[in-house]
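A.B. asks: Fold the following, please.
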Amino acid sequence: MPIAPQQLVILDRDGVINQDSDAYIKSLEEWIPYPSAIEAIARLSRAGFTVAVATNQSGIARGYYSEAVLARMHARLNSLVEDAGGRIANIAYCPHGPDDACSCRKPLPGLLHDIQKALELNSLAGSWIVGDSLRDLQAGEACGCRAVLVKTGKGEKTAAKGVGLEHALICADLAEFADALLAGDFD
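C.D. replies: Residues are numbered from 1 along each chain as shown. As a prediction, the model looks like this:
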């Protein structure tokens, strides 16, 4: 059965699902999830939402870690969410650096188009994009997604700037967003 776009929640990873670091998350040991985010993903999934992840991972291009290390982080993420009773339908990542002129690095919408293709959706319009930076929201807005800024990770600084957030909802964290979405507060 096809997924309705409004039932799709696309999450940024670093700063939304797990702690972020200006020095990059370079190993499985450095990948520290927010427990409330794992549970929020599981609750959304159990309620019928499809959850996907779109994440820039320029640390690969910079030589800080390999795609194999990233795969271990994502395997751990999937395992934690599944243990909580949920599921992540797709994880799309950009391994390129900011100067690589790719089409997938957010704020460009390439990662979201990859998710759209993987999930066989005609459109992402009406889907949710949840991020902690303006570039996450810009990628989603380019596809007609409803934007949500969380204040975890870099979100507090992004919110303080206030630029480009005219159409964004702002939540303390992913758990608060999930609570509100599941309560029907955003209809």
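
A.B. asks: Please export the C-alpha coordinates of stretch 98-108 as CSV.
C.D. replies: Extracted C-alpha coordinates of stretch 98-108, given in CSV (Å, rounded to 0.1, in the frame of the first residue of the first chain):
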residue,chain,number,x,y,z
PRO,A,98,30.7,21.1,0.7
ASP,A,99,32.9,21.8,-2.3
ASP,A,100,32.1,18.6,-4.2
ALA,A,101,29.2,20.1,-6.2
CYS,A,102,26.9,17.1,-5.6
SER,A,103,23.1,17.3,-5.8
CYS,A,104,22.5,15.5,-2.5
ARG,A,105,24.1,17.7,0.1
LYS,A,106,21.5,19.6,2.1
PRO,A,107,20.2,22.3,1.6
LEU,A,108,19.8,20.8,-1.9
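
A.B. asks: For it, what does the pLDDT average out to?
C.D. replies: Averaged across stretch 98-108, pLDDT comes to 96.

A.B. asks: now swap in stretch 54-66 and tell me
C.D. replies: Here the average pLDDT along stretch 54-66 is 97.

A.B. asks: Which positions within it qualify as buried?
C.D. replies: Residues Ala54, Thr55, Asn56, Gln57, Ser58, Gly59, Ile60, Ala61, Tyr65 are the ones in stretch 54-66 that count as buried (16 or more other Cβ atoms under 10 Å). Every residue, glycine included, has its C-beta placed from N, CA and C.

A.B. asks: And for it, what's in contact with it?
C.D. replies: When contacts are defined by Cβ atoms under 8 Å, 6 or more residues apart in numbering, stretch 54-66 is touched by residues 10-14, 24-27, 67, 70, 91-98, 100, 105-106, 111-112, 114-115, 129, 135-136, 139.

A.B. asks: And the helices in this structure?
C.D. replies: Secondary structure of the chain by DSSP state H: the helices cover 35-46, 67-83, 110-118, 134-142, 155-161, 174-183.

A.B. asks: show me the contacts for Ala52.
C.D. replies: Leu8, Val9, Ile10, Leu11, Ile88, Ala89, Asn90, Ile91, Ala92, Ile115, Ala118, Leu119.

A.B. asks: what bridges to it?
C.D. replies: Using DSSP bridges, the beta-bridge partners of Ala52 come out as Ile10, Asn90.

A.B. asks: and stretch 100-114, how far from the chain's centre?
C.D. replies: 13 Å (Cα atoms, centre = their mean, to the nearest Å).

A.B. asks: in this protein, what spans have low per-residue confidence?
C.D. replies: For the chain, applying pLDDT under 70 flags the ranges 1-2, 5, 187.
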